[in-house]
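A.B. asks: could you look at this predicted model? Sequence included:
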Amino acid sequence: MIEILGLIAEVIYHNKDNYYTIAVVESGEEQITVVGYLPTADRGRVYRFRGLWKTHSTYGEQFSFTEYEEEMPNTHEGIEGFLASGVLKGIGKKTAAAIVRKFGAETFEIIEKEPHRLIEVEGIGEKKAASVSEAFLAHKEFAEITLFFQQFGIAPPYAMKLYKVYGADTIQAVTENPYQLVDDVFGIGFKKADKIAEKMGVGKDSEYRIRSGIKYALWLFLNEGHTYVPQKLYCESAAELLEVGTEQVYEMLIQLAFEGEVHIENLEDRAVVFSMPYFAAEQNVCKCLVALNNAGLKPVSNNVDQLISITEEETGIRLSENQKYAVKASLQNGVSVITGGPGTGKTTIINTIMKIFEHSGFATAIAAPTGRAAKRITETSGYEASTIHRLLEYYYSEGEDTMRFGKTGEDPLQFDAIIIDEASMIDILLMNGLLNAIKPGTRLIVVGDADQLPSVGAGNVLRDMIDSEVIYSVKLTEIYRQAKESLIVVNAHKINRGEYPDCNEKDKDFFLLRKKSEKEMLDTIKDLCVKRLPEYYRGCDAIRDMQVLTPVRRGLLGSINLNKELQKVLNPSSERLSEKSFGDRIFREHDKVMQIRNNYQMEWKRLEDFTEGQGVFNGDVGYIQTIDKEFNEITVVYDDNRYVKYDFSQLDEIELAYAVTVHKSQGSEFPIVIMPVSWFPPMLATRNLLYTAVTRGKRAVILVGSESKMHAMVDNNRITERYSGLAVRLKAFLIEGRI
């Protein structure tokens, strides 16, 4: 590694978010271009850079540094330049000059050890003297911390995160237990902490490492949707991950169980391991469902058959016998499930039930897991729907640094009936929050398509409720006349039955454009979005009305690359459009974007009535209105009227959404859906993924790719087993009276 000592003469580029810097440095008689990560890049500062020479294809020879160390200046001119550089807030050029005139070469020692003497300089009072000293000590402290962590491969952005959490104790905290970073610092996972620990000389059999590693191994299973893991499988997986013996894993697992972090029990004659919050949630969901199911109900105002007849007269829609059966079941049971595919009349049943509740004077709420799904219910039913989070009056608890619901068992929802739609998306934790807030005697009607992909979060709530046979469930199978005219609906049901879809019928809405190579597929998708579809469907907006779905994130046809390619053709670079680079992404005004994690603190505002609120959720889709580089913020508009401002440092929370994964599309409907059909990993190229994608389309579905690969997806009825104990617990209560 080569070392260069130099003074920053010019800063060509400095990213305040990740500290990536390109600067011209004067070293002796030479001027050198240096590139690397530098938290504070100011002209006049002197650094000792360590790295290697590299040749850039465009910019020629550069010095790429991976380590740096600031050299504090010792000349009057250098000290004055440092003070005036902005590193110490409140000191400008005049004040800096006055301080150096007074204290000369002793300036830094005075600021650090005798800050009270700064009041000897005209214009500096006690308060300012204290803040200058505090800022100088913090700068020195942070410089020492970044220098220390460089040897372990921790870049300045992460060093800053650590410093914000641990302050002056950063080095001591990380040295004692580098694995605590996993819990304390967002963005540092087990693998990164493990690399840091290895460089620090922490052994593979360290108790800290095994404790953190087996929690991480459990998180990996939770991230795949499981609420528990068979103990044998879990111990073997964790041992393989950690490269230690299963005995060591088992011993630590027992210790964590005693400490209450995990729960071990026998379920269906095998030992299983739960993360404690998921065990508690699953138990409570079971208990609440049983309580709701067994509670006495407020009677409806009239004979049910008469109420159905009245509703049919008002709406002009005649219900089939199965639909009437579903309506009656929802009125007669404390908890009921209505499930069925597209075109089977779920919306008609919801509307009928809502009207019956109106006639009976019932206070009724209707909600869905996402804002997009709630908005669609409002549009199709005419009844105001909300998200489950909004229904439960979520808020951010600063003291606990977590999200809480305002509605709980102590302050329950005051409704006679609650309808939840798109229930396949509900995970066990959200269901737990919902049921905690519903008092016995309230009717709970759960509506969804159990054949769609399960929730992104852990659990298999809708399927478990049906499979338990404890909750009264009605399955709708008949496709109604109007829906039969749509090949989208007909083909969705064919796919679900394991039959191949019909494509390219004249004047229909389901198409397969046969292409062989992935390059052809990509070019065809771009051509469809830019030219062919807008010309065929007059008035169709390529950005707002079309949605490209894909099974995967990586690869030529993954959402990451599709977004880059679609952005180029649908919202190309222009002098009129401001843009912001963030990592390998470019955000541009008018871009379609998606929030990719729940942020309960994010503030939003509606401009038409100045309503304000908090909360932007994983999966919310919006459009960039403005990018303000003066104030370092991007304004995104969600739902056409919720304005959210993102600081540039928050841009890791959004990504382009011209293309999204099928999993991310759940609960949404789009006028036109386009999906590539190529080779994808078998665990993703499944029947229910294709079924879910097809059911997202309303006006047209266009598959682009190989017919044989489409058939292979239909044939692949591989549904990855989700380890979930809810159905087992419900059955146990039915048979044995225990949860």
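C.D. replies: Great, that's in hand. Numbers count the residues shown, from 1 in each chain.
A.B. asks: so for stretch 164-173, mean pLDDT?
C.D. replies: Per-residue pLDDT values across stretch 164-173 average out to 82.
A.B. asks: flag every buried residue along it.
C.D. replies: Buried residues in stretch 164-173, counted by 16 or more other C-beta atoms under 10 Å: 165-166, 170-171, 173. No exception for glycine: its C-beta is placed from N, CA and C like everyone else's.
A.B. asks: which helices and strands does the helix or strand hosting residue 581 pack with?
C.D. replies: With secondary structure defined by DSSP states H and E, residue 581 is part of strand 579-582. In terms of contact count using 3 or more C-beta pairs under 8 Å, 6 or more residues apart in numbering; DSSP states H and E, strand 579-582 is assigned the packing partners strand 585-588.
A.B. asks: so what strands line up beside whichever helix or strand comes after the strand it packs on?
C.D. replies: Counting by DSSP H and E, the next helix or strand C-terminal to strand 585-588 is strand 592-595. Pairing partners of strand 592-595, with direction, according to DSSP bridges: strand 621-628 (antiparallel), strand 654-656 (antiparallel).
A.B. asks: so what does the following helix or strand past the longest one touch, helix or strand wise?
C.D. replies: Just to be clear, that refers to strand 621-628. Scanning forward in sequence from strand 621-628 by DSSP H and E, the next helix or strand is strand 633-638. Of the remaining helices and strands, those touching strand 633-638 by 3+ C-beta pairs under 8 Å, 6+ apart are strand 621-628, strand 642-647.
A.B. asks: out of the ones you listed, nearest to residue 608?
C.D. replies: Set against residue 608 and scored by C-beta to C-beta, the helices and strands packed on strand 633-638 come closest in strand 642-647, at 10.5 Å.
A.B. asks: the closest one: partners in the sheet, and parallel or antiparallel?
C.D. replies: Sheet neighbours of strand 642-647, with direction, are listed as strand 599-605 (antiparallel), strand 633-638 (antiparallel) (DSSP bridges).
A.B. asks: circling back: any chance of the strands paired with strand 592-595 in TSV, with mean pLDDT too?
C.D. replies: What follows is the strands paired with strand 592-595, written out as TSV (pLDDT from 0 to 100):
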stretch	mean pLDDT
strand 621-628	93
strand 654-656	95
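A.B. asks: winner for burial among the ones you listed?
C.D. replies: Each of these was scored by mean neighbour count; the highest is strand 654-656, a mean of 22, by mean count of other C-beta atoms under 10 Å.
A.B. asks: now what about the helix or strand just after that strand, what contacts it?
C.D. replies: Toward the C-terminal end, the helix or strand that comes next after strand 654-656 (DSSP H and E) is strand 659-661. In this structure, residues lying in contact with strand 659-661 by C-beta atoms under 8 Å, 6 or more residues apart in numbering are 547-553, 559, 562-563, 566, 594.
A.B. asks: between those, which sits nearest residue 244?
C.D. replies: Taking C-beta to C-beta as the measure, residue 244 sits nearest to residue 553 out of those, at 31.3 Å.
A.B. asks: check the secondary structure at that closest one for me.
C.D. replies: Under DSSP: H, G, I helix; E, B strand; the rest coil, residue 553 falls in the coil class.
A.B. asks: that one - how many residues pack around it?
C.D. replies: If you count neighbours by other C-beta atoms under 10 Å, residue 553 ends up with 17.
A.B. asks: so what's it closest to, chain neighbours aside?
C.D. replies: Ranked by C-beta to C-beta, 6 or more residues apart in numbering and with sequence neighbours excluded, the top spatial neighbour of residue 553 is residue 559, at 5.1 Å.
A.B. asks: distance of that neighbour from residue 689?
C.D. replies: As judged by C-beta to C-beta, to the nearest Å, residue 559 and residue 689 stand 14 Å apart.
A.B. asks: who has more neighbours, these two?
C.D. replies: residue 559 (26 against 23).
A.B. asks: now that one: how far from residue 301?
C.D. replies: With the distance defined as C-beta to C-beta, residue 559 ends up 50 Å from residue 301.
A.B. asks: residue nearest the centroid of the chain?
C.D. replies: Note on the chain: the residue nearest the mean C-alpha position is residue 597, at 2.4 Å, using C-alpha atoms, centre = their mean.
A.B. asks: and residue 674, that's in a strand?
C.D. replies: Yes. Residue 674 forms part of a strand when assessed by three-state DSSP.
A.B. asks: how much space between it and residue 331?
C.D. replies: Separation of residue 674 from residue 331 (C-beta to C-beta): 41 Å.
A.B. asks: the two: who's more crowded?
C.D. replies: Between residue 674 and residue 331, counted using other C-beta under 10 Å, the more crowded position is residue 674 (26 against 21).
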